[in-house]
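In: with the input below, show me the fold.
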Amino acid sequence: MPVPNTEARSLLQVARRNGDNLETVRASITITAAQLAELRLWSAREPWLAERIRNLIHFRRQVLREFNRLVEKTSTESAA
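Out: Here you go, the predicted structure:
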């Protein structure tokens, strides 16, 4: 399974290399309320998948948190 820190770092590197908007990258990492509701419904319908779905949600949240931390860190460093 991928590591959230590594995933976030890779996404930031690709975004910067391609000139992508950081908000677009954040949006691709974020799980919207509608998506979350659908994932919860799916978990309820397929209990054998529930743990995997919870892990996916947790992973995406960790990636987003780390991505935001890296963006903040690099912004602070470039401003100094």
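In: any weak-confidence spans in this structure?
Out: Counting by pLDDT under 70, the chain shows low-confidence ranges at 1, 80.
In: in it, which helix has the most residues?
Out: For the chain, the helix reaching the highest residue count under DSSP state H is reported as helix 50-79.
In: okay, buried residues for stretch 60-78 please.
Out: Under the neighbour-count criterion of 16 or more other Cβ atoms under 10 Å, stretch 60-78 has 60, 62-64, 66-67, 70-71 buried. In short, each C-beta sits where N, CA and C put it, glycine included.
In: who's in contact with Ala50?
Out: In this structure, Ala50 makes contact with 43-44, judged by Cβ atoms under 8 Å, 6 or more residues apart in numbering.
In: any idea how far it is from Ser75?
Out: Distance, Ala50 to Ser75, using Cβ to Cβ, to the nearest Å: 38 Å.
In: out of the buried residues of stretch 60-78, which is nearest to Pro4?
Out: Nearest to Pro4 among the buried residues of stretch 60-78 is Gln62, at 3.7 Å by Cβ to Cβ.
In: C-alpha coordinates for stretch 57-72, CSV please?
Out: C-alpha atoms of stretch 57-72 as CSV (Å, rounded to 0.1, in the frame of the first residue of the first chain):
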residue,chain,number,x,y,z
ILE,A,57,-10.9,7.4,3.1
HIS,A,58,-8.3,7.6,5.9
PHE,A,59,-5.5,7.4,3.3
ARG,A,60,-6.9,10.2,1.1
ARG,A,61,-7.3,12.4,4.1
GLN,A,62,-3.7,11.8,5.2
VAL,A,63,-2.5,12.5,1.6
LEU,A,64,-4.4,15.8,1.6
ARG,A,65,-3.1,16.8,5.0
GLU,A,66,0.5,16.0,3.9
PHE,A,67,0.0,17.7,0.6
ASN,A,68,-1.2,20.9,2.3
ARG,A,69,1.7,20.7,4.7
LEU,A,70,4.2,20.4,1.9
VAL,A,71,2.6,23.3,-0.1
GLU,A,72,2.8,25.5,3.1
